[in-house]
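**Q** predicted coordinates and the sequence they were generated for:
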Amino acid sequence: MKKNKLPGLFRKQYKIKAFNSKIVRRIHIPKDQEMIKNLFVENSNGKMEIIKDIPKDVLLRLKPLSKSIKKNKGMVSRWKLSIVLVITASIIIFNIFFKDRLITQGTEKALESIFEADVEIGELNFSLLKGSISYNSLTIADAENKMQNLLETGPSEFRIDMKELSKKRIKIEEMSMTGVLLDSPRENASVLNNSTSPGSDVNNEEDSKIFEVLALDSGEFDIEALLEDQKSNLTSLNLINQGNEEIDALTQKWEGIYSEKNKEIKELEADVEELKLLTTKNTGTIKEGQVIALQIKDLYPKVTDTKDELVTLQQDYAEDKNSLMNLEKSINNAVDDDIAYLNGMLNLSTGDIGSLASAAGEKYIRNRWNDYYDKALKAFEIYEKFQSNEKKEVTEEKIFQRDGGRNVSFPSPDNPGFLIEHILLSGGRGASGSFTSEIRSISNEPDKLNDSSSFLFDWESSQSTIKLNGILDMRTDSEIPFLMEIESPGNSLSMEEGIAVLNISKLSSKVEFFGESKTSNEKNRVITTLDIILTDIEIEQDNKEGFLSEAVKDILSDMDSISLKAEIIINRSGFETVKVVSGLDNILSDRIGGYIADKAADTEKELRDSLEEYISSSLEENQTLQSSLAALDVKSLEQISSVTDIEHQINKLKTDAEKKTQGEATKLLDQVTDKIKLPGF
Amino acid sequence: MISFIAKLVVALNSNSRPGEMASGIAFGLLLAFIPAGNLLWLVIFIFAFFIKHNIAALLLSMGFSRIFISVFDPFLDKIGGFFLNISAFQDFFTFLYNIPLIPYSNFNNTIVMGGFILGILLWIPVFILFTTIIKIYRKKIAPKVANSRFVKFLKKVPVISKISASIQKLSFLVS
């Protein structure tokens, strides 16, 4: 059986002061404290010593008490210190073996959540002491097109100012990225990318449309097909057809009305004939006279009413007819309008070819600059994704959400919270050329910077070179937020489609661009002015005969260079306007304008003849219908004449009957006078 | 949770310094007042971790306080705002703001500063209050409670008996 030993702490002898501080004060249970005080007694040396005969139950309580007294010693636990040592050792091991791997995974995850697409980082190396992060490759897939990378870079390095970082400010002293590519094909998508994309067909279609509009040779037009195609838009044809329908309806309506009236007239004529018969048979008796008078009285109002109705109808008919008879004038005007409309469809020049060279220049600029604009938008898109992600984090809800509070600013060296002092970029590959770029002072607090941000961009390929040098001043008091000088001296221009209107099947030359871009006064648009100079112009002509071809060849061979001035206004949604002015336009206008004007006049005449022929059948139908309608006029007059004649006949019959009846009446009166002698007579 | 409560009960009845528990509770309250996620909170937490006091008391105090602490945020905001804008301290704060690593403490945030000030001001009263309570408990209440019929009855309740078993287990370990 294990013997209960007295713990070492209690076997020692203590001075009274030490006994109180080392034993008594470290017991916090009053009962235990009292027990210990009773167990210790002062010995002959004046020291406190535990008594010899300790009861067993007390001995059992002394062991845990000793442990707890030892535990109450000091302010810091040893086991906690050991935890610190373990953590320190873990950090060292992590730094040596796992740091880069974990940072790579963390960064990939973070970027994937921002871009919502696959992100791969190759061989990342992070040095906390040096303050540098470097990696061999970075690819960010395009979330909208999985066959492409949004961004791809080669070996890159970021040097971070750790002193600034310790003050909660991110200052990247130098950021150098090589092999930068935007919209590069993903490795697994390279095969698919070789095939022509549907988008490129659309672009080619659009290009060809631009030059179709410029085409003027009437030989290229199929006027008949154009008329057939534009049938529904031809006002004259529609007007004639609509008029014909109305005339037809009106003719039918009036024919119906007059046919009804004809019946009424026939009935009246029958009544008159009957009356005539009665009058012939009339022997002159009063009774017969009364019968005839009654019939006349009955018939006469019918005749006068019919006559009145016919007169009113004739007026109504005349109004209807007149409204349609003006159609001819309207059709003539509509033909002129249609000619103007069809001219517009064919873009028939009046000889003023002032926009010809400008239009070609505009097309070239749009094609060339669209690419740069797209790339600039992509860069902006990347920046916006970072911004939107920051906002998302703020709105995230948490349980027991606490107020954010307010941050009180204190003066600090005017360094911004985020600053990239120097960015070096290089990239591009293959036929698309290569570029180098240097950007200085990019910050989220530009007002704290003494200078504006600046950039230098150099692009070089076998076909073109471009140098952009500019500033981006986002400070609140800046007068010009954006200013950029453009130099692009060695470009080769090749217009494979040529300029059909000038009988040029292919044009090639060298082009130089010089100019500047800056923000407009409203600050939401960028205005770019460019001087464009074309030299070493070479043209190919399929048709070398004729005035036009020779004139164009002469003009271009006389000219050492062609100058164009362009003004391009760009806003957030793309190109707002592209205005191009060229001296070549005036020369072309003088020399070729007359020729083109004649050609245009011929085409217009041809168009007019064709249109008139096209609408001739409808016009013929119109004339026939108009004749039918006019014939109703005669019918109306005839009917009125017939009714008038009936009226005369009735009047005559009435007079005859009156005469006969009057003779008989006089005779009867005389007889009465003879038989009756009145007094006084 | 039961284990935490058991540890607390063990500490309350063991021969640990009353100040250890009181300091754990006071630190828990301080850490609850200061919003987490900044260097100040981390430094105080590490400091509190190394000091010899009852971690269970600290964690329980911090956990319970965090539930309702957001109610005090407007008040903390006012205190912090007032303190940070005292003109006499501007030079000191500016100096502090420009010392490496200090900006990560977010001391210039009104809630952080308000929580820190209130936490520090309450630390001593809370410490004294709980030390006194524990002393009174150990001297007067604990012996009576241990022998009371009510406690004996409670020990028969399954949940309480589980806690009691934990306490005994822990007491054994401690001793």
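**A** Sure, I can see it.

**Q** which residue ranges form the helices in chain B?
**A** Here chain B has its helices, by DSSP state H, at B:2-13, B:18-33, B:39-50, B:55-69, B:73-84, B:90-97, B:110-136, B:142-147, B:149-154, B:158-174.

**Q** ok, which of those comes nearest A:Asp183?
**A** helix B:39-50 (42.0 Å; Cβ to Cβ). C-beta coordinates here come from the backbone N, C-alpha and C atoms, glycine included.

**Q** do the closest one and chain A meet?
**A** Yes - Helix B:39-50 comes into contact with chain A (Cβ under 8 Å from any Cβ of the partner chain), by way of B:Phe49, B:Phe50.

**Q** against which helices or strands is that helix packed?
**A** Using 3 or more Cβ pairs under 8 Å, 6 or more residues apart in numbering or on different chains; DSSP states H and E, the elements in contact with helix B:39-50 are helix A:78-93, helix B:18-33.

**Q** which of the ones you listed sits most buried?
**A** Comparing those by mean neighbour count (mean count of other Cβ atoms under 10 Å in any protein chain shown), helix B:18-33 ranks first with a mean of 24.

**Q** what angle separates that helix from helix B:39-50?
**A** In terms of direction (axes from the mean of the first three to the mean of the last three Cα atoms, to 10 degrees), helix B:18-33 departs from helix B:39-50 by 160 degrees.

**Q** still on that earlier bit, of the helices and strands packed on helix B:39-50, which shows the lowest average pLDDT?
**A** Sorting the helices and strands packed on helix B:39-50 by mean pLDDT places helix A:78-93 lowest, at a mean of 84.

**Q** helices or strands next to the helix or strand following that one in the packing?
**A** Note on helix A:78-93: by DSSP states H and E, the next helix or strand toward the C-terminus is helix A:99-115. Counting contacts by 3+ Cβ pairs under 8 Å, 6+ apart, helix A:99-115 is packed against strand A:119-122, strand A:125-127, strand A:137-141, helix A:356-395.

**Q** pLDDT weak spots in the stretch 451-600 of chain A?
**A** A:501, A:523, A:546-547, A:589, A:591-597, A:599 (pLDDT under 70).

**Q** deepest in the core, which of the helices of chain B is it.
**A** The highest mean neighbour count among these, using mean count of other Cβ under 10 Å, belongs to helix B:18-33: a mean of 24.

**Q** returning to what we had before: export the helices of chain B as a markdown table, with columns for distance to A:Thr312.
**A** Listed next are the helices of chain B as a markdown table, based on distance: least, Cβ to Cβ, whole Å:
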| stretch | distance to A:Thr312 |
| --- | --- |
| helix B:2-13 | 111 |
| helix B:18-33 | 103 |
| helix B:39-50 | 104 |
| helix B:55-69 | 98 |
| helix B:73-84 | 91 |
| helix B:90-97 | 103 |
| helix B:110-136 | 95 |
| helix B:142-147 | 123 |
| helix B:149-154 | 118 |
| helix B:158-174 | 111 |
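
**Q** nearest to A:Leu151, of the ones you listed?
**A** Closest among the helices of chain B, using Cβ to Cβ: helix B:39-50, at 33.7 Å.

**Q** averaged pLDDT, the closest one. What do you get?
**A** Average pLDDT, helix B:39-50: 90.

**Q** next one: stretch A:628-642
**A** Stretch A:628-642 comes out at a mean pLDDT of 80.

**Q** for stretch A:68-78, buried residues please.
**A** A:Ser68, A:Ile69, A:Lys71, A:Asn72, A:Ser77 (16 or more other Cβ atoms under 10 Å in any protein chain shown).

**Q** list the contacts of A:Ala665.
**A** Shown in contact with A:Ala665 (Cβ atoms under 8 Å, 6 or more residues apart in numbering or on different chains): A:Ile286.

**Q** which phi and psi values does B:Phe107 adopt?
**A** The phi and psi torsions at B:Phe107 (degrees, to the nearest 10) take the values phi -70, psi -20.

**Q** now do the contacts for it.
**A** B:Leu40, B:Phe93, B:Leu96, B:Tyr97, B:Met113, B:Phe116.

**Q** mind showing which ranges of the stretch 101-250 of chain A have poor pLDDT?
**A** For the stretch 101-250 of chain A, the stretches with pLDDT under 70 are A:188-222.

**Q** and it, which residues reach chain B?
**A** Checking the stretch 101-250 of chain A against chain B by Cβ under 8 Å from any Cβ, the hits are A:Lys163, A:Ser166, A:Lys167, A:Lys168, A:Arg169.
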